[in-house]
Structure formats: structure tokens, C-alpha cells
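Chemist: Structure here, sequence nowhere to be found:
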């Protein structure tokens, strides 16, 4: 993984020192809240319902064991013994005292981490495919480019006061696991006919109150032009993006209001002026960054097949986990493992300090010291020898992280919602817990098959409900929680925005409504191989409306 | 009826303004405003505490009194007064004398 150089170390240290002084001055009453608020936000510190919240950046979701142990240490020492992994591949602490935050940032800096640009109208943490470097279907590892973008965008003077926040995602495979079409810029790393690396460039995707699918404005951008082209897009956005209305300030609105063709023209014109200048990436620099992400030396371990086969026969739990949480690796003797943070009835994405420490140990001893955070709020061990899978599984059982539900209905994405968040209108976690318990049966979940269920507690859509096969949006109506259901969303290479199925459901009704939707799917599917999403795309909303609202639906 | 709430500057703890002008960590100690004059007085006191950098995010919230206990009308404020509903071992509700929100 990327290692800080002297400049990086010095820079992060200086920022911590600066923030420590700002916190001291605030606590001493030397600066006002109005002066302090933008400063704390620049350092990832929010104020929520019960306490401050610190959002720590995990660049492209990549961690090593040492870093994970520091995350555990922070949870134990300064928080309440857990952290929350987010859909932005970051981690959030829900209870830190303001006075402790400089010390937390010191601890983070000791393992090359920080909380910069996790808030504010700047370029946020660049996200990437969580199977990067391991996936069998990958053209090339997207992380070197994410790292180049991270370095370029960190305290970029021109792009620190954009009209609104800006999110970039990169994938290196045809199968999009980074949801690039719902980001401000989505980059799909691929090879052209000559075998050269470059990107398909998508612009103007996003969720929130106005969900939009990104438009492809370049089919193939040579890798050397990555920064010049990205700068061109950001310049166009910085100049033309709306600053008069917060809700219309994202680049998706600019793309939509301008039209793709005209906007592409602006970007290309800007790019023409930039492309042969200092932003052109030298080949040697790209290859140098790439070496930081060189895959571990994966020795041949052909005994894996036999070990796995035998272990499956003895242990049904292990067999289920193999079916669901183990993904094909580019090396036949290895696998990528998904550690589900969605145990039945638990808060999606939460992990205790002890679990984080244990995952760090497993990663160090059995997975080449690599851990990823997925945007689906799970942890990933990208490189595990198949021969070691049973050992990894047994060690996950010991810490309660062996849930075999990756990609199933209980692998729910949920934002913190009204239990923590100052912006939320309704709870998300409680709905996730209710649904998780209703579908707890392993057999039932597997019978249902792939089903992505995503819950947001407000229109800002941190829980990605717009791209859930089933999406749930919590709103407040007459002082009570109300949950709208959307169907048919998807955040992959065939991105679609879910459609609202009808009137919302109260907190006591929503779990039953989701059961009705799933039962309707099971009754309507052409066979086990037809997924929920395929069935919805074939039949549309009608059978689901009928099942949910009956005669009421016909009348409407 | 209204009460005045805020978060304490140093640690973000949710607090309510009590009759003795102190900030209480428990909603039960909040001073109830039953008329506009009292509301204005609470707001003035809150503003002063904000300017003295004791608290941030100062707000008047609507409440009712149920069986002698103050109960905010909005779930948001009930959760602030108790803690996350999925973790009753955390927040104020983990203290023996404070009830859960929902």
C-alpha cells in the first residue's frame, strides 16, 4: 500500500498541530462557534445528536493491520468501544469529546491516517472497488490512480471551496463494484484495442434529493491525462456550478441543466488548454505509484481445493460462508473474503474494538496484512489462500463475524439515521434490525438469492436507497417516522434509480411490507436463476403494488 | 410548552437549561416555559451561555408533560434525551434514572 513520504508526514503532523491550537483556542473562548465550525469540519469533526462525531478517511478503503489496530485503540480509549464503517469506505466514531480529538488525530497520524477532507465542499475521499488487486475480472488495480487523485486533490487550493462536495470513484473491472455511475466523477479503468490503459469517464451522477445517473463524456481517456481531464471537469464545475442554492449545487445539476453535449464541450475545451502542460502524468510517476500497490507474493498453494472440500462436508456453516462470502481471486489458489458486518439483528457497519483487533490479527497472519472497507459496509480480506479459508472462518466465528450473508437480503446498507445523525428524519438502524431478524434463516435468504436492500434515514441518501434493489427512505410526517419503499434501483454497471412504489409505511409496518415485496418476487420469478432485480425489470412495479396496496392500487 | 436544549461545547453532551441557569444532562431538570415571556427569558439565557462558549446549537423545543415527566414531541428530541434506540447500553438511558426513547 501507499507509504507516506517525508512531505506527507510533515504535512499531516502540521495539520494536527494547527487543529490542536484551534481546539485549545475554542475551548478557551478565544474564537467563536461561527469561526470554529468550518475549521472543525475541515478536520472531519461534526456535531451530532449525542456528541461530536469524527469521520476518519480510509483512502480507497485500504488498511493494514497496524492501522486497524489504531482504529480499535481509538474506539476503546476515546469512544465507546466501537466504530461505524460507512458507505464512503470511511470509519466514524460517534462519541469523542472535542478536547480529545487532537490526541486521536495524533494516533491516526502515527499510522499514516487523518480525517482531512471528510467534510466540506472539497474533493472527498476517493473510493475504489474493494476487491482491487484481487478480483479475477480486473483489468488493472484502480488504486494507484485513486492515490494519484488523492495526492492531487489534498488541500488543492483551487478546489477547496467548490460549490458543494465532490466525490470520485474508480473501478478497474467491467463489473462495477464501486458504484461509479452515482458519483460526481466515475472512472472506469480499461484497456483500448492497443492494450493501453485509460478511463471511461462518467460525470454528474449522485444520489441525495435529486438522484441522477452519471453521463459518459469520454470513452477512453489515456491514463497520462487523468489529472488534466479531472482538473478540466472541476474547473468547469467550479466556474459554472450553482452557488445560489445548496440543493442545486452538485455537478449533477450542472450536467442536467446544461446538457451533456454542451458540458462535454466546455470540459474538452478546458482540457485542450491543459493536456500538454504540467498536469500530464509522466509514465515513470504512474509506475512508481503502482509499485506501492504491488500484489503480495502469492505462493502456489494447490492443497487448498482438498482442504476446502473436506472442511465443507464437516461444517454446514463453513459451507454456507464459502458460498456467500468468498469471491474468486485472480490466482486460483486464493480467494477474496468478505467479512460481513451485518450479523443478524446488529447495526450494519458497526464493529467493536475487539473485533477490529481480531481482524487485524487475521489479516496479518493469514491475509498478507491487507484489509479493505467496502462501500457496502463490510470488511474484506483481499488475499487469502484457499487452504487457509477454514482457519480464517474459525477465527471469525470466535468473534461473531462469520455471518454468511454477503449480497443477500440481510446484507443491508443503512446510514446511522435518527439514532445518531443530526440531519436524519427517521431511524434506519432499527428498520435494518427488524428486517434482518425477519429474514434470519440462512436457507430462506439463500432461496431468495441476491437482493441488495439499502436504507437511508433522510433524503441525503447516505444509505444509498436510490440504488437498492429494494430501497427504503425514512421521512418525518406529522412528527412520526414514515418509510417510503423504492424498487428496481441498482448501483452496478447497469445503474438504475429505484422507483417509489406507493404510499409509505409506519415503523411498525415497514418490515412486513418488505416481506410482502420479497414474497411477491418469489411467487413471480421465472425460476431460481431470475434475481429480484431481473424479475422487477421484467414485470415492473405492478405485481408489487398489487401485493402491497391491493384494491387501493387499482383505484389509483 | 417549550424547554431549551443545547450541546455542551467541550464534549458535545446533550444538555437542557434548568431553572437555576445550570445546564443539566438530564431532561427532567429542564425549566418549562408555559408562556412567551418565559420562552424569551430561556432564549436570552441560552444566547448568553452560547456567547460564553459553554454550549452550542441552542434550540427551544416543544414538549408535553406525561405523568409528571417532560416528553419532547419530536422523536429526534426524545432520542437526544435518551440515547440511540438500538444501543440502550449507551448514552443517558444507560444511567439508571433515565428512560429509553422508543
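Modeler: Cool, the structure landed. Predicted model, so just to flag it, every value in this text is computed and none were measured.
Chemist: Nearest residue to residue A:326 in space, please, no chain neighbours.
Modeler: Once flanking residues are discounted, residue A:326 sits nearest to residue A:335: 4.7 Å by CB to CB, 6 or more residues apart in numbering or on different chains. C-betas here are computed from N, CA, C, even on glycine.
Chemist: which residues of chain B score low on pLDDT?
Modeler: Judged by pLDDT under 70, chain B has no weakly predicted residues.
Chemist: Strands along that one, start to end?
Modeler: Remark: strands assigned in chain B by DSSP state E are B:2-8, B:14-17, B:23-24, B:55-66, B:69-72.
Chemist: on that earlier part again, residues touching the host helix or strand of the residue nearest to residue A:326, excluding its own?
Modeler: For residue A:335, the element it lies in under DSSP states H and E is strand A:334-339. The contact list for strand A:334-339 (CB atoms under 8 Å, 6 or more residues apart in numbering or on different chains) reads A:131, A:134-135, A:298, A:301, A:304, A:324-329, A:359, A:367, A:374, A:378-386, A:389, A:392, A:396, A:401, A:406.
Chemist: Among these, which lie within strands?
Modeler: Taking DSSP E as the definition of strands, the contacts of strand A:334-339 contribute A:326, A:327, A:328, A:379, A:380, A:381, A:382, A:383, A:384, A:385.
Chemist: Can I get these in JSON lines including neighbour count and pLDDT?
Modeler: JSON lines is the format used below for the ones in strands among the contacts of strand A:334-339 (neighbours: other CB atoms under 10 Å in any protein chain shown; pLDDT from 0 to 100):
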{"residue": "A:326", "neighbour count": "20", "pLDDT": "98"}
{"residue": "A:327", "neighbour count": "19", "pLDDT": "97"}
{"residue": "A:328", "neighbour count": "14", "pLDDT": "97"}
{"residue": "A:379", "neighbour count": "26", "pLDDT": "98"}
{"residue": "A:380", "neighbour count": "28", "pLDDT": "98"}
{"residue": "A:381", "neighbour count": "24", "pLDDT": "98"}
{"residue": "A:382", "neighbour count": "25", "pLDDT": "98"}
{"residue": "A:383", "neighbour count": "23", "pLDDT": "98"}
{"residue": "A:384", "neighbour count": "26", "pLDDT": "98"}
{"residue": "A:385", "neighbour count": "23", "pLDDT": "98"}
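Chemist: from those residues, which single one is nearest chain B?
Modeler: residue A:379 (20.2 Å; CB to the nearest CB).
Chemist: can I assume the closest one is in contact with residue A:371?
Modeler: Yes: if you go by CB atoms under 8 Å, residue A:379 and residue A:371 touch, sitting 6.0 Å apart.
Chemist: Could you list the contact residues of the stretch 351-500 of chain A toward chain B?
Modeler: Residues of the stretch 351-500 of chain A lying close to chain B by CB under 8 Å from any CB of the partner chain are A:418, A:419, A:420, A:424, A:427, A:429, A:430, A:433, A:476, A:479, A:480, A:481.
Chemist: The residues you listed, buried ones only, as a PyMOL selection?
Modeler: A single PyMOL command selects the buried members of these (16 or more other CB atoms under 10 Å in any protein chain shown):
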select buried, chain A and resi 418+419+420+424+427+429+430+433+476+481
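Chemist: Rank the residues of the stretch 351-500 of chain A next to chain B by pLDDT and give me only the lowest.
Modeler: Lowest model confidence among these falls on residue A:479, which carries 86.
Chemist: Tell me which residues touch that one, please.
Modeler: B:73, B:74, B:75.
Chemist: State the distance from residue A:356 to chain B.
Modeler: 17 Å (CB to the nearest CB, to the nearest Å).
Chemist: that's a helix at that residue, yeah?
Modeler: Yes: counting by DSSP: H, G, I helix; E, B strand; the rest coil, residue A:356 falls inside a helix.
Chemist: doesn't residue A:75 make contact with it?
Modeler: Yes: using CB under 8 Å, residue A:356 makes contact with residue A:75 at a distance of 6.8 Å.
Chemist: Now do the end-to-end distance for stretch A:174-190.
Modeler: 8 Å (CA to CA, to the nearest Å).
Chemist: I should have written stretch A:336-345 there, sorry.
Modeler: So stretch A:336-345: terminal residues 25 Å apart, CA to CA.
Chemist: returning to that earlier point: sheet partners, orientation included, of the strand holding residue A:335?
Modeler: With DSSP bridges as the test, strand A:334-339 is paired with strand A:326-328 (antiparallel), strand A:379-385 (antiparallel).
Chemist: In stretch A:31-44, which residues are buried?
Modeler: Residues of stretch A:31-44 classed as buried by neighbour count (16+ other CB under 10 Å): A:31, A:33, A:36, A:39, A:40, A:41, A:42, A:43, A:44.
Chemist: same deal with stretch A:155-162?
Modeler: For stretch A:155-162, the neighbour count (16+ other CB under 10 Å) marks A:159, A:162 as buried.
Chemist: Distance check, the nearest residue to residue A:190 once chain neighbours are set aside against residue A:198.
Modeler: Leaving aside its sequence neighbours, residue A:190 sits nearest to residue A:139 (CB to CB, 6+ apart; 5.4 Å). Per CB to CB, to the nearest Å, residue A:139 is found 10 Å from residue A:198.
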